[in-house]
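Chemist: The following comprises the amino acid sequence and a computationally predicted model.
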Amino acid sequence: MNVKDITELYSSLPASQIANTVNEALTHNSSLVVTAPPGAGKSTLLPLTILASLGNNGGKVLMLEPRRLAARQIAERMADILGEKAGETVGYRVRFESKVSAKTRIEVLTEGILTRMLVDDATLDGVDMVIFDEFHERSINTDLALALTRQTQQVIRPDLKIVIMSATIATENICKQFDAPLIESEGRMFPVSIVNATEDTTPASAAVDTARAILSAHRNHEGDILAFLPGQGDIERCMDMLGAALAPTNVYPLYGNLSPEQQRKAIAPSRDGERKVVLATPIAETSITIEGVRVVIDTGLCRSLVFNGRTGLSRLETVRISMDMATQRSGRAGRVAPGTCYRLWTLASEHNMAPQRKPEIETQDLAPLALSVAAFGESNIETLPWLDVPPTASVAKAVNLLTSLGALDEDRAITPLGRKMSEMPCHPRIARMILGANTSEQKALACDIAALLEE
């Protein structure tokens, strides 16, 4: 298909109206920023039209997604538009799973995969474009992948194009830093009524409060229900509380550790005459589409990595979400018709919520990032083209740790040991522990400890 065929076939998607503008802008600019509300088709339609504009002699398009489920679903959706299966023209690569072939020209990846590709080949040979989708999530891996890609673009590959796409993001600073134009797509959203609770849900009460709200919403509203809970444990407890009370309505969990088959069941459209309830982590905030949702129930909580200075490792804590996340969640109720969002917190608490989530690079442990930068071949972290420069104190702490572990030398260059550590999918402290084991018994014990610490 060419650009015209794709845009005409999917003209009902708002993103089709900006496809030609996007491709025209990319012929004159090395970088581009695109914003579009959820449901506009930016993640599925625009990459296909970009590929079509490159022609048969063009290189690959890499598109980054923050979450594995989204990467898989988006790749499968694009392949379906082309009348193919994932792994042909469009494929995906995520941790522990890959569907690509020699004919694959669009690869949907998670950020860690791109970082590894850049470390292995800083030229990104054969790649014409890198798209950063759902950039508003601003994970530390996203910022790292973007900084390394920009370094490649500025030093080695001036022909490499970078596209940043997001549903909700402050664009002024990004456009200024990238010297990039902004293209905005209209959305296709129905109004959503917001109902606040009279008391705040707490981490301890999240499961029971959600179950109670679901039972009420199921009686009073039509359509499918999407409930946001902090984590897997909360989802399992909520499912136990609901039991068979909603029968014949199906109740599905949705979180990252589920198998692809279970995840597909949760996001598949309900059949005529049937309803479903999906209990999800923030995995369902953006990127993926769950058709038929008319009601959203939001605990206002999420699990966030918090660095523990005493142990030198990060751990998950349940924290209050920001208002931009709340807006993303409520919008899921207005995709197909007017909907309702029940926020399980008070209006008074809402006034104290942060307007935007903080980029993880400002608060997280930077040791894994510093090791990846060294493996990429850079010794001075601060001089990379970051969107937000990492805090100096956090960088110094990370470098000191890596030096004490033997991963970096006195000039911040990576050592042979550091190179081995960088190839392991775990924190540098844990990688050093595993590599320091000599006997088979020590190695087995080190791996057991690593598994416990990583969890």
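Modeler: That came through fine. Numbering: from 1, shown residues only.
Chemist: can you pull the contacts of the nearest residue to Leu344 once chain neighbours are set aside?
Modeler: In this structure, Leu344 finds its nearest non-sequential neighbour in Thr201, 4.0 Å apart by C-beta to C-beta, 6 or more residues apart in numbering. To be clear about C-beta, it is placed using only N, CA and C from the backbone, and glycine gets the same treatment. If you count contacts by C-beta atoms under 8 Å, 6 or more residues apart in numbering, Thr201 has them with 209-210, 299-301, 344-345.
Chemist: residues touching Ala450, list them.
Modeler: When contacts are counted by C-beta under 8 Å, 6+ apart, Ala450 touches 426, 430, 433-434.
Chemist: now the residues you listed in JSON lines, with pLDDT and distance to Ala197?
Modeler: Formatted as JSON lines, the contacts of Ala450 follow (pLDDT from 0 to 100; distance: C-beta to C-beta, whole Å):
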{"residue": "Cys426", "pLDDT": "88", "distance to Ala197": "40"}
{"residue": "Ile430", "pLDDT": "92", "distance to Ala197": "41"}
{"residue": "Met433", "pLDDT": "93", "distance to Ala197": "45"}
{"residue": "Ile434", "pLDDT": "93", "distance to Ala197": "46"}
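Chemist: Pull the number of nearby residues for Pro158.
Modeler: Residues lying near Pro158 (other C-beta atoms under 10 Å) number 9.
Chemist: coming back round to it: ok, the residue nearest to Leu344 to Ala217 distance?
Modeler: Distance, Thr201 to Ala217, by C-beta to C-beta, to the nearest Å: 15 Å.
Chemist: And Gly223, by the same measure?
Modeler: Here Gly223 is placed at a distance of 10 Å from Ala217 (C-beta to C-beta).
Chemist: which residues do the two both contact?
Modeler: In the contact map built from C-beta under 8 Å, 6+ apart, the residues linked to both Gly223 and Ala217 are Val295.
Chemist: Which of the contacts of Thr201 sits closest to Ile18?
Modeler: Gly300 (33.0 Å; C-beta to C-beta).
Chemist: For the closest one, which residues are in contact?
Modeler: Shown in contact with Gly300 (C-beta under 8 Å, 6+ apart): 200-201, 320-321, 326, 343-345, 349, 353.
Chemist: what's the weakest-modelled helix or strand in the chain?
Modeler: Lowest by mean pLDDT, DSSP states H and E among the helices and strands of the chain is helix 3-9, with a mean of 64.
Chemist: Counting by contacts, list what the helix or strand that that helix is followed by packs against.
Modeler: The helix or strand immediately downstream of helix 3-9 is helix 19-28, counting by DSSP states H and E. Secondary structure elements in contact with helix 19-28, counted by 3 or more C-beta pairs under 8 Å, 6 or more residues apart in numbering; DSSP states H and E, are helix 3-9, strand 31-35, helix 45-54, strand 161-166, strand 182-184.
Chemist: Just send the ones you listed back as JSON lines, with distance to Asp143 too.
Modeler: What follows is the helices and strands packed on helix 19-28, written out as JSON lines (distance: least, C-beta to C-beta, whole Å):
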{"stretch": "helix 3-9", "distance to Asp143": "31"}
{"stretch": "strand 31-35", "distance to Asp143": "16"}
{"stretch": "helix 45-54", "distance to Asp143": "22"}
{"stretch": "strand 161-166", "distance to Asp143": "12"}
{"stretch": "strand 182-184", "distance to Asp143": "20"}
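Chemist: Can I get those in JSON lines including mean neighbour count?
Modeler: JSON lines is the format used below for the helices and strands packed on helix 19-28 (neighbours: other C-beta atoms under 10 Å):
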{"stretch": "helix 3-9", "mean neighbour count": "15"}
{"stretch": "strand 31-35", "mean neighbour count": "23"}
{"stretch": "helix 45-54", "mean neighbour count": "22"}
{"stretch": "strand 161-166", "mean neighbour count": "23"}
{"stretch": "strand 182-184", "mean neighbour count": "16"}
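Chemist: which one of the ones you listed lies closest to Asp409?
Modeler: strand 161-166 (32.0 Å).
Chemist: What are the buried residues along the helix or strand following that closest one?
Modeler: Downstream of strand 161-166, the first helix or strand assigned by DSSP H and E is helix 172-178. For helix 172-178, a neighbour-count test (16 or more other C-beta atoms under 10 Å) marks 174-175, 178 as buried.
Chemist: go on, stretch 16-28?
Modeler: Of the residues in stretch 16-28, those buried (16+ other C-beta under 10 Å) are 16, 18-19, 22-23, 25-26.
Chemist: and if you look at stretch 315-326?
Modeler: So stretch 315-326, judged by 16+ other C-beta under 10 Å, has buried residues 318, 320-322, 324-326.
Chemist: how long is it from one end to the other?
Modeler: 23 Å (C-alpha to C-alpha, to the nearest Å).
Chemist: ok, now stretch 358-375?
Modeler: OK, stretch 358-375 end separation, C-alpha to C-alpha: 27 Å.
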